[in-house]
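have a look at this prediction, sequence included:
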Protein chains: 2
Amino acid sequence: MTPPSKPRPSAGETLHQRIRSDIEGRILSGEWPPGHRLPFEHELMDTYSCARMTANKALSALAASGLVERRRRAGSFVARPKVHSAVLQIPDLKSEVENRGERYGYELLDRQKRGATREDRGRLEVHLREPVMALRCRHDAADQPFALEDRLLNLKAVPDAALQDFAILSPSTWLVDHVPWTEAEHRISACNADEVVAGELAIEVGSACLVIERWTWRSGEPITAVRFTHPAVLYDLVARFTPSS
Amino acid sequence: MTPPSKPRPSAGETLHQRIRSDIEGRILSGEWPPGHRLPFEHELMDTYSCARMTANKALSALAASGLVERRRRAGSFVARPKVHSAVLQIPDLKSEVENRGERYGYELLDRQKRGATREDRGRLEVHLREPVMALRCRHDAADQPFALEDRLLNLKAVPDAALQDFAILSPSTWLVDHVPWTEAEHRISACNADEVVAGELAIEVGSACLVIERWTWRSGEPITAVRFTHPAVLYDLVARFTPSS
DNA sequence: AGACCTTATTTGTCTATACATATTACGTGG
DNA sequence: CCACGTAATATGTATAGACAAATAAGGTCT
């Protein structure tokens, strides 16, 4: 392997960062194709005159990012990415709208405290009759309906929520600031607006909507299930991916 | 709309992993709220009887994952996450279908080599009349139309693609194996099927479709732009997030 | 009080070494 | 030829020590 060959404009790079970006460059340029065995740690020690820990740090980081795969006794190999992975940022709607430079509006449509019904149980993994709160509200951007939020909250996990009326502050905003979570899952789909949704979003019956559902847990205990329904014409989800990040 | 099943804990931990998950637990349980200063590296050395490198590794990993923020001379602090971020996995459709245990089918609908038109230029950042390839094809799952793929390829960046007829092998599958990329952007939206799309996907005109668009670059050079259109009833995108991953 | 300098503390990076662990490669005996 | 034990090798994890860089906290001088 030839020593450092890449343009290195960033003077403030540390050694293991430099090793990492050198290797990354070779992989992404196609010089080292998927399956190619990259230098052993002791070879990197020689070419960069560093300790093994330093080479290890670079390779471990590359492995963590999924660009390379490491096998004991065999070596490190350029991974063959089977999936496009990307970091999806799902911001709080209030900041999303304000970042667009538009006026944000919020209206609570419905708020019910109740014992969990059979249907609720299908959404949230709570037991029958345990206390939950069901919320429906609308988020507006530039005085136009932007999203419908349909949320079920587990009051056993978040008792403080029972004290909130959510008339001014949206449940999403309140939750982000008050409730930590450990696991979340998102499901993104599309649907045709039925009469109720079309009415609330001021769109034609049947228009396509983008639906984002999210379930949140804290240490296995369900916290909330929420569904955002956006008019398709007003909202796209954007996800970016760069391997070096 | 059933909620997904809970994630599971793991076993067989190394020391720095244990330190990390201990801290993670305290943060996620709310015991250490956002802004809280967590123990210094030398304090962790004492409580876990380990070297500083080991404590450092744990804290660095937490910082990399975004859960904590570190400042020299000040210490390490629990970070306040502002957005829900999640890793979105967008698999190759062939593997996606086969992982569901269904029969995968592929049909090429149209293939054109041409100089870039004005419209193409809007999709792909190429100059007028530069060689591109436009492809339309259909992916089936269990003999039902599953996705429509509409792709524009920059032949200047990927000249080998001109030799492929894509009659058997889908362009997505070929590209994954042959063309490395450095940046990608995804846009996820919804639309109503027009007559053409409805016909090709064998669904009603007007049914909601989930649309995933992807642009791919290599070192700033555009490689391809692709749009997948899925019948909403057949396909959901799923994204998971656990801080420990 | 405010501007400036000094010091102490904490994190960031790196070296050198050690032993553990997984897995390939090889050689031996059946 | 195959099964099995053994050695070689690359990675995984950890220790202990060193210096560099950033910066919060104090102290001094004006």
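Done, it's in. Keep in mind it's a predicted model, so treat the numbers as computed, not measured. Residues are numbered from 1 along each chain as shown, chains lettered A, B, ... in the order given.

who's in contact with stretch A:159-174?
Stretch A:159-174 is contacted from outside by A:92-94, A:106, A:108, A:111, A:113, A:131, A:133, A:135, A:137, A:139, A:149, A:151, A:153, A:155, A:175, A:178, A:226, using CB atoms under 8 Å, 6 or more residues apart in numbering or on different chains. C-beta coordinates here come from the backbone N, C-alpha and C atoms, glycine included.

and chain B, which of those residues reach it?
Contacts with chain B within those, counted by CB under 8 Å from any CB of the partner chain: A:Asp92.

from the contacts of stretch A:159-174, which ones fall inside helices?
Mapping the contacts of stretch A:159-174 onto helices (DSSP state H) picks out A:93-94, A:175, A:178.

surely A:Pro180 is in a strand?
No. Remark: A:Pro180 does not belong to a strand; assigned using DSSP: H, G, I helix; E, B strand; the rest coil, it is coil.

which element, helix or strand, includes the spatially most central residue of chain A?
Nearest to the geometric centre of chain A sits A:Leu88, at 4.2 Å (CA atoms, centre = their mean). Element membership of A:Leu88 [criterion: DSSP states H and E] is strand A:83-91.

for PyMOL, what selects the buried ones among the ones in helices among the contacts of stretch A:159-174?
Burial among the ones in helices among the contacts of stretch A:159-174 is assessed by 16 or more other CB atoms under 10 Å in any protein chain shown; the matching PyMOL selection reads:
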select buried, chain A and resi 93+94+175
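
out of the ones in helices among the contacts of stretch A:159-174, who's nearest B:Ala55?
Looking at the ones in helices among the contacts of stretch A:159-174 and their distance to B:Ala55, the nearest is A:His178, at 30.3 Å (CB to CB).

contacts only, for A:Val126.
Applying CB under 8 Å, 6+ apart, one finds that A:Val126 lies in contact with A:116, A:120, A:132, A:154, A:156, A:222.

secondary structure class for it?
Classification of A:Val126 using three-state DSSP returns coil.

enumerate the residues of chain A near DNA strand D.
Remark: the part of chain A in contact with DNA strand D comprises A:40-42, A:52-53, A:56, A:59-60, A:63, A:70-76, using CB under 7 Å from any atom of the strand.

now, the residues you listed that are in strands?
Restricting these to those inside strands, with DSSP state E as the criterion, leaves A:70-71, A:75-76.

of those, buried ones?
Among those, the ones that count as buried by 16+ other CB under 10 Å are A:70, A:75-76.

could you dump these into JSON lines and include distance to A:Ala239 and pLDDT?
Listed next are those as JSON lines, based on distance: CB to CB, whole Å; pLDDT from 0 to 100:
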{"residue": "A:Arg70", "distance to A:Ala239": "27", "pLDDT": "94"}
{"residue": "A:Gly75", "distance to A:Ala239": "32", "pLDDT": "94"}
{"residue": "A:Ser76", "distance to A:Ala239": "28", "pLDDT": "95"}
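
tell me the mean pLDDT for the helix ranked longest in chain A?
The residue-count maximum for a helix in chain A (DSSP H) belongs to helix A:15-29. Helix A:15-29 shows a mean pLDDT of 90.

packing partners of the helix or strand following that helix?
As assigned by DSSP H and E, the chain's next helix or strand after helix A:15-29 is strand A:37-38. Other helices and strands packing on strand A:37-38, by 3 or more CB pairs under 8 Å, 6 or more residues apart in numbering or on different chains; DSSP states H and E, are strand A:75-78.

burial measure for the closest residue to DNA strand C within chain A, as a count.
Nearest residue of chain A to DNA strand C (CB to the nearest atom of the strand) works out as A:Leu15 at 2.7 Å. By other CB atoms under 10 Å in any protein chain shown, the residues close to A:Leu15 number 15.

before we move on, what about the one 3 residues further on?
Other residues within reach of A:Arg18 by the criterion other CB under 10 Å amount to 18.

give the residue farthest from the middle of chain A.
For chain A, the C-alpha farthest from the mean C-alpha position belongs to A:Asp46; by CA atoms, centre = their mean, that distance is 40.1 Å.

related to what we said a few turns ago, please, a ChimeraX command that selects the buried ones among the contacts of stretch A:159-174?
To isolate the buried subset of those in ChimeraX, counting by 16+ other CB under 10 Å, use the following:
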select /A:92,93,94,106,108,111,131,133,135,137,139,149,151,153,155,175,226
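
quick revisit: for the residue of chain A closest to DNA strand C, give me its contacts.
Applying CB under 8 Å, 6+ apart, the residues near A:Leu15 are A:48, A:50, A:54.

show me which residues of chain A are close to DNA strand C?
Proximity of chain A to DNA strand C (CB under 7 Å from any atom of the strand) is limited to residues A:14-17, A:49-54, A:57, A:71-74.

give me the buried entries from these.
Buried positions within the residues of chain A next to DNA strand C, assessed by neighbour count (16+ other CB under 10 Å), are A:16, A:50, A:54, A:57.

identify the farthest-apart pair in the residues you listed.
Looking at these by CB to CB, the two members farthest from one another are A:Cys50 and A:Lys57, with 9.6 Å of separation.

quickly list what's touching both of the two.
Between them, A:Cys50 and A:Lys57 have A:His16 as joint contacts when contacts are counted by CB under 8 Å, 6+ apart.

burial check on A:His186, number of neighbours?
Applying other CB under 10 Å, we find 22 residues neighbouring A:His186.

now A:Val238
As a burial measure, A:Val238 scores 13 neighbours (other CB under 10 Å).

confidence score at it?
At A:Val238, the predicted lDDT confidence score is 73.

can you pull the phi/psi pair for A:Asn145?
Heads up, residue A:145 is Pro, not Asn. Here the main-chain torsion angles of A:Pro145 (degrees, to the nearest 10) amount to phi -60, psi 130.

show me how chain A divides into domains.
Recorded structural domains for chain A (assignment: automatic domain parsing) are A:15-78, A:87-240.

can you put these in CSV and add distance to B:Val197?
Written out in CSV, the entries for these read as follows (distance: least, CB to CB, whole Å):
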stretch, distance to B:Val197
domain A:15-78, 34
domain A:87-240, 12
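
nearest to B:Asp194, of these?
Among the domains of chain A, domain A:87-240 sits nearest to B:Asp194 (CB to CB), with 11.2 Å.

how far off centre is the closest one?
Its chain's average C-alpha position is 15 Å from that of domain A:87-240, according to CA atoms, centre = their mean, to the nearest Å.

need the contact list for A:Lys94.
Taking CB under 8 Å, 6+ apart as the criterion, A:Lys94 is in contact with A:104, A:106, A:139, A:170, A:172-173.

how does it look with 6 Å?
Taking CB atoms under 6 Å, 6 or more residues apart in numbering or on different chains as the contact definition, A:Lys94 lies against A:104, A:173.

gap between it and A:Ala167?
Between A:Lys94 and A:Ala167 the distance is 15 Å, computed by CB to CB, to the nearest Å.

averaged pLDDT, stretch A:178-193. What do you get?
For stretch A:178-193, mean pLDDT rounds to 84.

quick one: buried residues of it?
Using 16+ other CB under 10 Å as the test for burial, stretch A:178-193 gives A:179-193.
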